[in-house]
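# next comes the sequence, and after it the predicted model I'd like to discuss.
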Amino acid sequence: MSFSQLGLSPELLRALEDAGYQTPSPIQSKAIPACLEGRDVLAAAQTGTGKTAGFTLPILERLSREPQGHKRPVRALILTPTRELAAQIGESVEKYGVHLKPRLKSDVVYGGVKVNPQIARLRDGVDILVACPGRLLDLVNQKAVRLDQVETLVLDEADRMLDMGFIHDIKKILRLVPKQRQNLLFSATFSKEIRELANTLLDNPVSIEVAPRNTAAESVDQSIYMVEKPQRMALLTHLITHHQWSQALVFTATKHMANRVTQHLQKAGITAAAIHGNKSQNARTAALSGFKSGEVQVMVATDVAARGIDISELPNVVNFELPKTPADYVHRIGRTGRAGASGQAVSLVMPDERGQLKQIEKLIGRAIPVATAEGFDFTRAVPETPDEREQRPGGGQRRQGSGQARNNNGGGARNGGGAGRGGAGNRTRSGGGSTSGDEQARPARRRRRSSPRSSGNSGSGNR
Ligand code: AMP
């Protein structure tokens, strides 16, 4: 399928050509025609799938087909959880709409910056408004904007908006928009709350699931290091310097840890910047643009701050700490390996994070290979339980690291049968992967986890 088959105007097609897009992504081929028909859409999609163009293109198309009054009331409202995501969607709207004549006007509003300039801009009217819910309500209360002419409402990253406690704001906004409207809901995950919201919001929606929500995982080379807490800083520095990573996005669980990691990296001579909610908007914007321009080698971020950050061809993502929810893991690693580019996601897993790891592997449907690095002792972080020793093929002899990759095919096949229990699965990184130098496939003791994979695949230690 090509973009020209989707029913978009030549002006939009030209903008896509300018952007270098050759073919629509799966979500675009499905969402664009449905949106153009005026249907409600429920889409399971995360950042990296091309979802933004999936809703901005048909919005631009529909609005440009209809004559605009000189008052320019908001006709399309796009709600997003974070400032960064709002800014990126705003950029996309501008980019794709650049050749439209007459131009549609768009604007982006979010909190954390002065409200008066936003009020002044809105006074002249705007066709497409991208907004974070809280600031939008402020602006409505200050009578800077009205929402009673909204024709299309988009809830982007709806799961994240609910996670961030925006549900009440969203409900208020729903009371301000006309009853008759088109609704597009995008969410990476579908909790009970999201389903409830979708049920109240959407009218006979076209459901789109571009791929199982965790397939971002497919294009990303993932590995884990079983570490003890004190090893983490040194290992992170080692990974960055030894592999000469051009750029990496490092996730931490807390703002405090983001600062600590940043300081540690800076001391090691690595250009690093932290991005999290305690930073001013200006500091966040500066960090992000420094990272985008390549001046900043490592950006250290919390989940919330990193939402929606779109950096093309980001090669490395590091989970310095595992995320709270398995869905966040998928979100995080979705920052890399985009649009066919190869990406690498490395997680440092402490013994007390093994439960979280198990959840993640359950969600992505496979075990993540274990890696080791020369000069680091990983054995203490994974104490072998008597139970594991019992189950290990070879009669309970503790295996010493020999530098040889061990394929546990046999163990998996013998013990598999779909039950997800098996021998002591020593998983190793794929030899042909992006790891190089001292980072060879090595045996690493690790308990086999329950995994929904079929037993036929489950034992392939060397992938
Ligand atoms: P999104 O999922 O909307 O955040 O988009 C992810 C990235 O893919 C953005 O950098 C887009 O510019 C890019 N992109 C979106 N659609 C396409 C396409 N059809 N071909 C190539 N790149 C695309």
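That came through fine. Numbers count the residues shown, from 1 in each chain.
# right, and residue 167 touches residue 193 too?
Yes: counting by Cβ atoms under 8 Å, residue 193 is a contact partner of residue 167 at 7.4 Å. Quick note: C-beta positions are derived from backbone N, CA and C, even for glycine.
# next structured bit after the strand or helix carrying residue 122?
Using DSSP states H and E, the element containing residue 122 is helix 116-123. Downstream of helix 116-123, the first helix or strand assigned by DSSP H and E is strand 128-131.
# quick one: that next one to chain centroid distance?
21 Å (Cα atoms, centre = their mean, to the nearest Å).
# go through it and flag the buried ones.
Residues of strand 128-131 classed as buried: 128-131 (neighbour count, 16 or more other Cβ atoms under 10 Å).
# against which helices or strands is the helix holding residue 122 packed?
strand 106-109, helix 133-141 (3 or more Cβ pairs under 8 Å, 6 or more residues apart in numbering; DSSP states H and E).
# want to throw the ones you listed into TSV with distance to residue 247?
Converted to TSV, the helices and strands packed on helix 116-123 look like this (distance: least, Cβ to Cβ, whole Å):
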stretch	distance to residue 247
strand 106-109	25
helix 133-141	31
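# and among the ones you listed, the most buried is which?
strand 106-109 (a mean of 24; mean count of other Cβ atoms under 10 Å).
# tell me which stretches of the stretch 201-350 of the chain form helices.
Under the criterion DSSP state H, counting those that start in this stretch, helices of the stretch 201-350 of the chain are mapped to 232-242, 255-267, 281-293, 303-306, 326-333.
# where do the strands of the stretch 251-400 of the chain begin and end?
272-275, 298-301, 316-319, 343-349 (DSSP state E, counting those that start in this stretch).
# low pLDDT regions in the stretch 251-400 of the chain?
Residue ranges of the stretch 251-400 of the chain with pLDDT under 70: 307-313, 337-342, 381-400.
# so what's residue 40 up against?
Shown in contact with residue 40 (Cβ atoms under 8 Å, 6 or more residues apart in numbering): 182-185, 201-206.
# ok, the residue nearest to it when sequence neighbours are not counted to residue 303 distance?
Leaving out its chain neighbours, the residue that sits closest to residue 40 by Cβ to Cβ, 6 or more residues apart in numbering is residue 205, at 4.0 Å. As judged by Cβ to Cβ, to the nearest Å, residue 205 and residue 303 stand 28 Å apart.
# on that earlier part again, compare residue 167 and residue 193 (neighbour count), which wins?
residue 167 (16 against 13; other Cβ atoms under 10 Å).
# what sits against residue 126?
Residue 126 neighbours (Cβ under 8 Å, 6+ apart): 72, 74, 105-107, 145.
# got a list of what the residue positioned nearest the centre of the chain touches?
Taking Cα atoms, centre = their mean, the centroid of the chain lies closest to residue 331, which sits 3.0 Å from it. Going by Cβ under 8 Å, 6+ apart, residue 331 touches 46-47, 188, 303, 307, 323.
# kindly reformat these as CSV containing distance to residue 154 and neighbour count.
Below are these laid out as CSV (distance: Cβ to Cβ, whole Å; neighbours: other Cβ atoms under 10 Å):
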residue, distance to residue 154, neighbour count
46, 15, 26
47, 14, 24
188, 15, 25
303, 22, 19
307, 16, 24
323, 25, 23
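# any chance of CSV for the residues you listed, columns distance to the ligand?
As requested, the contacts of residue 331 are exported to CSV (distance: Cβ to the nearest ligand atom, whole Å):
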residue, distance to the ligand
46, 7
47, 4
188, 10
303, 16
307, 11
323, 19
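# let me know how buried residue 176 is, in neighbour terms.
The number of residues packed near residue 176 is 15, by other Cβ under 10 Å.
# quick one: contacts for the closest residue in space to it that isn't next to it in sequence?
Excluding the flanking residues, the one nearest residue 176 by Cβ to Cβ, 6+ apart is residue 147, at 4.3 Å. By Cβ under 8 Å, 6+ apart, the contact list for residue 147 reads 74, 77, 140, 173, 176-177.
# just residue 347 next, same as before
Per Cβ under 8 Å, 6+ apart, neighbours of residue 347: 222-225, 318-319, 322, 329, 357, 368.
# the same query, at a cut-off of 6 Å, please.
224, 319 (Cβ atoms under 6 Å, 6 or more residues apart in numbering).
# so what's it bridging to?
residue 224, residue 319 (DSSP bridges).
# mind checking how far it is from residue 315?
16 Å.
# so which of the helices of the stretch 201-350 of the chain comes closest to residue 380?
When the helices of the stretch 201-350 of the chain are compared by Cβ to Cβ, helix 232-242 sits nearest residue 380, at 13.4 Å.
# mean confidence score for that closest one?
Averaged across helix 232-242, the pLDDT comes to 94.
# with just CA atoms, put it into PDB.
The C-alpha trace of helix 232-242 is given here as PDB (Å, rounded to 0.1, in the frame of the first residue of the first chain):
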ATOM      1  CA  ARG A 232      25.500  -0.700  38.600                       C
ATOM      2  CA  MET A 233      27.200   2.700  38.100                       C
ATOM      3  CA  ALA A 234      30.500   1.100  37.100                       C
ATOM      4  CA  LEU A 235      28.800  -1.200  34.700                       C
ATOM      5  CA  LEU A 236      26.900   1.500  33.100                       C
ATOM      6  CA  THR A 237      30.000   3.600  32.500                       C
ATOM      7  CA  HIS A 238      31.700   0.500  31.200                       C
ATOM      8  CA  LEU A 239      29.000  -0.300  28.700                       C
ATOM      9  CA  ILE A 240      28.900   3.300  27.400                       C
ATOM     10  CA  THR A 241      32.600   3.700  27.000                       C
ATOM     11  CA  HIS A 242      33.600   0.200  26.100                       C
END
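# winner for burial among the helices of the stretch 201-350 of the chain?
With a mean of 25, the top stretch among the helices of the stretch 201-350 of the chain by mean neighbour count (mean count of other Cβ under 10 Å) is helix 326-333.
# now that one, how far from the centre of its chain.
With Cα atoms, centre = their mean, you get 6 Å for helix 326-333.
# tell me the contacts of residue 261?
Here residue 261 is in contact with 252, 300, 320 (Cβ under 6 Å, 6+ apart).
# got JSON lines for these, with neighbour count too?
Listed next are those as JSON lines, based on neighbours: other Cβ atoms under 10 Å:
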{"residue": "252", "neighbour count": "23"}
{"residue": "300", "neighbour count": "31"}
{"residue": "320", "neighbour count": "20"}
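# which one among those residues gets closest to the ligand?
Nearest to the ligand among those: residue 300, at 21.2 Å, using Cβ to the nearest ligand atom.
# count of residues packed around the spatially closest residue to residue 284 that is not a sequence neighbour?
The shortest distance from residue 284 to any non-neighbouring residue, by Cβ to Cβ, 6+ apart, is to residue 275 (5.3 Å). The number of residues packed near residue 275 is 26, by other Cβ under 10 Å.
# over to residue 278?
13.
# now it: closest residue in space that isn't a chain neighbour?
Closest to residue 278 by Cβ to Cβ, 6+ apart is residue 255, at 5.1 Å.
# mind listing what the one you found touches?
276, 278, 302.
# same question, residue 111
By Cβ under 6 Å, 6+ apart, the neighbours of residue 111 are 134-135.
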